[in-house]
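Participant: Curious how this folds, go ahead:
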Amino acid sequence: MIDWLRREALEPVIELNGHSLPIRLTRNRRAKRLTLRMAPDASEVRITLPHWCRSEEAIAFAHARRDWLSSQMAKVPERRDPVRDRTLLYRGAEIGIDWRESAPRKPSLSETKLLIGGPEESLAKRLQRWLEQEALRLFTDDAAEYCLRGGLDCAEVKLTRARRRWGSCSSEGVLRLNWRLVQAPDHVRRSVVAHEVAHLVHFDHSPAFHDLLGQLYEQDIDGPNSWLSRHGRELYATFG
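Facilitator: Okay, the predicted model is just below:
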């Protein structure tokens, strides 16, 4: 290992595009090699490493791939500030934020605007809370529809703030869905719900799973999958 790489590997931090990012290490006994990725919001560099790998080697691995990490960081969308911009991404469209301190704190949505009151300094938190409530409502309705379509008992739905996964299905039959999908177009959100409902029956991605998903979901699944590949990072541009 060259000397500069040895020195930089001592600290779990890396300089990229003028920013100092922490390097987070996660050990996985099933891992056979190092896996490097940028956090969706470019807040940190993440490395999954085998249990036998030294931390210093993993950090050096990140520094040796600085150019690739810089290119990945450059792809992360610019941060959005709904309070400053007075706009919010909801179900695939921009809606205006009509904030008035004297208005009711409970948000009221019209076709193109969200009326909301209360102190401006806590507006961002209340907007995120509203989006999460809307996400749970929509996810619950979607899941109920797909469970009915598949002849399944209605599944419990919970929200997740996961950074890597849009959804998951537990062995107890609980669907956990990323609240940020409420910002995506309806067909994209619904595709993830249908995917997790199919996992209630098949806990793998076998042909039987895909056959069931094709029966549950009303459109071609490739469309929303492509949308998430192209635009998924944009859903992390708001609210950290």
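Participant: all contacts plus neighbour counts: C-alpha atoms, from now on.
Facilitator: Will do.
Participant: residue boundaries of the strands in the protein?
Facilitator: 13-16, 19-27, 35-38, 45-49, 87-90, 93-99, 108-109, 113-116, 156-160, 167-169, 174-178 (DSSP state E).
Participant: Give me the contact list for stretch 118-125.
Facilitator: Contacting residues not belonging to stretch 118-125 are listed as Pro82, Val83, Trp99, Arg100, Glu101, Ser102, Ala103, Pro104, Arg105, Phe239 [CA atoms under 8 Å, 6 or more residues apart in numbering].
Participant: Same check on stretch 188-203?
Facilitator: 139, 142-143, 146-147, 155, 166-169, 173, 175, 177, 181-182, 208-209, 212-213, 216-217, 221, 224-225, 227-228.
Participant: And it, what's buried?
Facilitator: For stretch 188-203, a neighbour-count test (16 or more other CA atoms under 10 Å) marks 188-200, 202 as buried.
Participant: circling back: determine which stretch of the strands of the chain is the most buried.
Facilitator: Highest mean neighbour count of the strands of the chain: strand 174-178, a mean of 23 (counted as mean count of other CA atoms under 10 Å).
Participant: Against which helices or strands is that strand packed?
Facilitator: Contacts defined by 3 or more CA pairs under 8 Å, 6 or more residues apart in numbering; DSSP states H and E place strand 174-178 against strand 156-160, strand 167-169, helix 186-198.
Participant: Show me the one of those that comes nearest Glu78.
Facilitator: Ranking those by their distance to Glu78 (criterion: CA to CA) puts helix 186-198 first, at 21.9 Å.
Participant: From the chain's centroid, how far away is that closest one?
Facilitator: For helix 186-198, the distance from its own C-alpha centre to the chain's C-alpha centre is 14 Å (CA atoms, centre = their mean, to the nearest Å).
Participant: Convert that helix to CSV, retaining C-alpha atoms only.
Facilitator: Presented in CSV, the C-alpha positions along helix 186-198 are these (Å, rounded to 0.1, in the frame of the first residue of the first chain):
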residue,chain,number,x,y,z
ASP,A,186,-48.9,6.7,-8.3
HIS,A,187,-48.0,3.8,-10.7
VAL,A,188,-44.5,3.8,-9.2
ARG,A,189,-45.7,3.7,-5.6
ARG,A,190,-48.3,1.1,-6.4
SER,A,191,-45.7,-1.2,-8.1
VAL,A,192,-43.6,-1.3,-4.9
VAL,A,193,-46.7,-2.2,-2.8
ALA,A,194,-47.7,-4.9,-5.3
HIS,A,195,-44.1,-6.3,-5.2
GLU,A,196,-44.2,-6.6,-1.4
VAL,A,197,-47.7,-8.1,-1.4
ALA,A,198,-46.4,-10.8,-3.8
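Participant: correct me, but Glu134 touches Val182?
Facilitator: Yes. Contact criterion CA atoms under 8 Å: Glu134 and Val182 qualify, at 7.2 Å.
Participant: the more surrounded of these two?
Facilitator: Each of Glu134 and Val182 has its neighbours counted (other CA atoms under 10 Å); Val182 has more, 25 against 17.
Participant: center of the protein - which residue?
Facilitator: Nearest to the mean C-alpha position of the chain, by CA atoms, centre = their mean, lies Arg163 at 4.8 Å.
Participant: How about it: what's its closest non-neighbour residue?
Facilitator: Nearest in space to Arg163, with sequence neighbours left out and distances taken as CA to CA, 6 or more residues apart in numbering, is Pro40 at 6.7 Å.
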